[in-house]
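# Provide a 3D model corresponding to the input given below.
(one chain, ligands or ions: 2)
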Amino acid sequence: MANSTTGSIGLRTLEDITSLILQSHDLSQTLQNIVDLVAKRMKTEVCSIYLLDRDQAKLRLSATVGLAAESVGKVALGLDEGLVGLAAKERRVISIEEPQSHPSFRYFAETGEELYHSFLGIPLFDRKFPIGVIAIQTLDRRIFSAAEISILQTIAFQISSIVTNARLLDSIQQRDTLPQVTLDLTSNNSEGNEPETEELHPILRGKVAYPGVASGPAHLLDERLGFTDILEEEGVIIDLELAELHDAIEKTRIQTLFLEKRVAERLTADDAAIFHTHLMILEDHSFTDKLESEIKAGHSAPYALKKVVSGYLEAFDRMDDPYLRERAADMDDIGRRLLANLIGRDDQTLHLKTPGILVAKEILPSDMASLDHEQIQGIITESGEQNSHAVIMAKSLGIPALVGVRGAIKLLEPEQPVILDANSGTFYIRPTDTICEEYRRLEEDCNRELSKLDELRDVPARTRDGERIKLRANIGLVSDVAVALRNGAEGVGLYRTEFPYMARGDFPDREDQYQLYRKVIEGFSGEPVTIRTLDIGGDKALPYFAPPKEDNPFMGWRSVRVSLDNVDIFRTQIEAILMASQHGPVKLLFPMISSLEEVNACQAIVEQAKQNLREEGIGFAESIPFGVMIEVPAAIHIARQLARKVDFFALGTNDLVQYLLAADRNNPLVNKYYDPLHPAVIRVLHDLAQIAAETETDVCLCGEMGSDPLNLLVLIGLGIREFSMPAPFIPRTKVFLKDLDSRLAKDAAQAVLQMGETAAIRSYLIEQLERLEGL
Ligand code: PEP
Ligand code: MG
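Ligands and ions are numbered 1, 2, ... in the order given. Alright, predicted model coming up:
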């Protein structure tokens, strides 16, 4: 098998090991999970891990599947004993048939290993030093192929660092210096567990939103810490406080103008427009009046600010409305910057001066729009779900991210060193030198892996049997263009235009939108860019456009429904897209379509927009492909009729899955119901692929599910040949496709279509994947 196969198994296994570790609470359980997984993956009867004791004298059996469970912890070999000892001592791979006949064979009655007829042992290293051995054994006589050895080496290499970390965790835990709660994934009671001294190095866990490793200073996005320190003062001089408040407001106003300019230079004017809102707040009389009256009531300016800002935040919080949450974030931001100016710590802006790890309670899309992406090396959020839009954006920027890391902010001071391991789901605060050293090495390994993927950038994606697959990028901001190009995207399959709208203080005019779309289109020099019209509502709010309070926003006034009820705004956007179509191939995409009437209405508006441009003498491409998102179940049932009216379908599986399975994509309580491998989802995708083929309608799947190899196996098997995904997933998807035979994928899809249970589908696909990968 090619090396790339080994690489893809490595990645997959690492992902699996990651999730195993997230379920584990101690080293022995972690190791046991690893051997179970490897034995299953390698289809061997035995897999064991031996670890060197602390005195380096004995290799102790630490986990096994296949050997007697009671011998774990008891059987120990010297480095001169047995084949396992040989692998560690000589630091090399030992692969032999009939191990009993080897002079180094050592028999342990308690393990029952005389039954086994082949042996493969690979040393585990911590840097240059052996820390143990992973060994597999089979009942059959088996000559392990070079590919199998290389696969186990990849696995050994990857688990070595995990073993090292797990041991570190374990020893820290044993020394009882780690607050117990920080390893408990389910509890939220971090209170009372703050470090008492500088020597403590808390380790927190979270859910992996985007994999990778990063280290650096923590940039705290949540500065409410600052307000906690502001206490009521006695005997304030009111005039002095008022003067200081006005100074601080003026300083903040000037800084805001400066920030606007800076973000406009680094990103776009649209991205910078959020600061208009901030200026409006600073100039809002009801806000400044409230501050003044608090001071006049005898409070210091910082305390008055604390009271007023927390009053607003609490009120916003209680309302739990997406629009108001956006306002709360603005208020929070302004409050923090005003406070920094009041107390003379005006370097505390969120606008990052140095590269580092962003640590926040929550990151809203508008935060992402205004932050300097170049400086963000990783993201930690205390809350946030894996399907939230902020996380989708982190993915599209290719930034390692962990969500649900509870208690992180309380344990941190700004700029303290942290390490984010979004492979194992671990966040290290003020890590020890040993952990730093370990991660320096791991980071180097990751970078090496990435540069390997880099080589694939300009290679078109094909399956092993030569089927051409188009891999396009999902983008949201202009800065995504560079990320997409770096990852070899063939144009854009989904441009979510709502993100630039979110980053502004009001609706962008036609010229602004045109300039923005033009920039994106020109960035792709000839590759198509699919521009989706505004898709707000649900979990995406515009700070200046309040939707009505709805009990059920995902079923409510969102997406194309909002556009069709605001024809002027809608037509303006379409005109801007049409104008931009002079600069390169554009496709026009309409979200959340549930009826032919909506398609007719959208088409009529496109015609009006064209007519307006003609009258104004503005050029545009006459034949722009017209497509619809298939993401509402109704659209599936009218797909044939839709196909007669449109040029392409974009399969929006993020929403399609939530609507089909009645499971909110952002609600952790129903996460287990939200599964793209549910038989109903697969059946629907099959039908859609079939209808598209029969009606010769182009199809591109642009939901998140397309970036997971397990799902891809079915999707390729169902005949889908075009995908749009967060750009950093493109190179590894190419690696996966290179080893996938589309005919085998078709057989797998056919088999899965006969199954009625999600779990059965998943295990069948895992098995197929293993087989395809040559195990
Ligand atoms: C989808 O629903 O699958 C999709 C791609 O759109 P969004 O995630 O923006 O709703
Ligand atoms: Mg959608």
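# just checking: what are the partner strands of the strand or helix carrying L471?
If you go by DSSP states H and E, L471 is part of strand 470-475. When sheet partners are counted by DSSP bridges, strand 470-475 sits next to strand 492-496 (parallel), strand 722-726 (parallel).
# F129 is nearest to which of these?
Among the strands paired with strand 470-475, the nearest to F129 by Cβ to Cβ is strand 722-726 (37.8 Å). Using the backbone N, CA and C atoms, a C-beta is placed for each residue, glycine as well.
# contacts for that closest one?
With contacts defined as Cβ atoms under 8 Å, 6 or more residues apart in numbering, strand 722-726 is touched by 392, 395-396, 398, 469-474, 492-494, 530, 650, 698-702, 704, 706-707, 712, 715, 733.
# tell me the pLDDT of V263.
pLDDT recorded at V263 is 60.
# what about G619, which SS state?
coil (DSSP: H, G, I helix; E, B strand; the rest coil).
# and the closest residue to ligand 2 within the chain, what helix or strand is that in?
Nearest residue of the chain to ligand 2: D655, at 3.6 Å (Cβ to the ion). Assigned by DSSP H and E, D655 belongs to helix 653-661.
# which parts of this structure sit against ligand 1?
The chain has residues 494, 496, 535, 631, 652-655, 702-703 near ligand 1, with proximity defined as Cβ under 6 Å from any ligand atom.
# reformat those residues as CSV; add neighbour count, pLDDT and distance to P99.
Below are the residues of the chain next to ligand 1 laid out as CSV (neighbours: other Cβ atoms under 10 Å; pLDDT from 0 to 100; distance: Cβ to Cβ, whole Å):
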residue, neighbour count, pLDDT, distance to P99
L494, 26, 97, 54
R496, 26, 92, 57
D535, 26, 93, 61
E631, 26, 97, 56
G652, 25, 97, 54
T653, 23, 97, 49
N654, 19, 94, 51
D655, 22, 95, 55
C702, 27, 97, 51
G703, 24, 94, 49
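# from what I see, P414 and H219 are in contact.
Yes. The criterion here is Cβ atoms under 8 Å, and P414 meets it with H219 at 7.2 Å.
# give me the more crowded residue out of these two.
More crowded of P414 and H219, by other Cβ atoms under 10 Å: H219, with 25 against 16.
# OK, contacts around that one?
Listed by Cβ under 8 Å, 6+ apart, the contact partners of H219 are 350, 352, 356-359, 375-376, 414-415.
# from A689, how far off is the closest residue to the residue of the chain closest to ligand 2 other than its chain neighbours?
The shortest distance from D655 to any non-neighbouring residue, by Cβ to Cβ, 6 or more residues apart in numbering, is to E631 (3.9 Å). Counting by Cβ to Cβ, to the nearest Å, the gap from E631 to A689 is 15 Å.
# for E704, same thing?
Noted for E704: a distance of 18 Å to A689, by Cβ to Cβ.
# so which of the strands paired with strand 470-475 is nearest E241?
strand 492-496 (45.3 Å).
# what's next to the closest one, contact-wise?
Residues from elsewhere that reach strand 492-496 (Cβ under 8 Å, 6+ apart): 472-476, 484, 520, 524, 527-532, 535, 589, 650, 700, 702, 722-725.
# give me the neighbour count for I34.
27.
# if I pick the nearest residue to G703 once chain neighbours are set aside, what's in contact with it?
Closest residue to G703 apart from its sequence neighbours, by Cβ to Cβ, 6+ apart: T653 at 2.9 Å. T653 sits next to 631, 676, 681, 685, 701-706 when contact means Cβ under 8 Å, 6+ apart.
# tell me which of those fall in helices.
681, 685 (DSSP state H).
# pLDDT check: weakest of the contacts of T653?
Within those, lowest confidence goes to E704 (89).
# now that one, nearest residue through space, not along the chain?
Spatial nearest neighbour of E704, chain neighbours left out: N654 (5.7 Å); criterion: Cβ to Cβ, 6+ apart.
# was I right to think the one you found contacts E631?
Yes. Under the criterion of Cβ under 8 Å, N654 makes contact with E631 at 7.5 Å.
# for I761, list the residues it contacts.
Taking Cβ under 8 Å, 6+ apart as the contact definition, I761 lies against 677, 679, 682, 752, 755.
# and which of those is nearest D36?
Nearest to D36 among the contacts of I761, with distances taken as Cβ to Cβ, is L677, at 21.6 Å.
# quick one on the thing from earlier: so which of the contacts of H219 is the closest to D739?
I376 (33.3 Å).
# which pLDDT value belongs to that closest one?
At I376, pLDDT is 87.
# which residues does it form a beta bridge with?
Under DSSP bridges, the beta-bridge partners of I376 are G356.
# burial count for it?
22.
# that one against A401, yeah?
No. Using Cβ under 8 Å, I376 is not in contact with A401; the gap is 9.7 Å.
# those residues of the protein touching ligand 2, which are they?
Within the chain, the positions near ligand 2 by Cβ under 5 Å from the ion are 631, 652, 655.
# for the second one, which non-adjacent residue is closest in space?
Using Cβ to Cβ, 6+ apart and skipping the chain neighbours, the partner closest in space to G652 is E631 (3.3 Å).
# show the backbone phi and psi for the closest residue to K89 other than its chain neighbours.
Excluding the flanking residues, the one nearest K89 by Cβ to Cβ, 6+ apart is L79, at 4.3 Å. Dihedral pair for L79: phi -70, psi -20, per degrees, to the nearest 10.
# can you check K587 too?
Per degrees, to the nearest 10, the backbone of K587 is at phi -120, psi 140.
# tell me how many other residues surround it.
Neighbours of K587 (other Cβ under 10 Å): 24.
# the one 4 residues further on too?
A count of nearby residues for P591, using other Cβ under 10 Å, gives 26.
# my guess is it contacts R532, does it?
Yes. At 5.6 Å, P591 counts as touching R532 under the criterion of Cβ under 8 Å.
# between those two, what contacts are shared?
With contacts defined as Cβ under 8 Å, 6+ apart, the residues shared by P591 and R532 are M629.
# per-residue pLDDT of Y116, please?
Predicted confidence (pLDDT) for Y116: 80.
# what about stretch 463-472, how long is it end to end?
16 Å (Cα to Cα, to the nearest Å).
# ok, stretch 204-214 next?
OK, stretch 204-214 end separation, Cα to Cα: 15 Å.
# could you do stretch 420-427 as well?
Start-to-end, stretch 420-427 (Cα to Cα) is 5 Å.
# what's the average pLDDT for that stretch?
Stretch 420-427 shows a mean pLDDT of 83.
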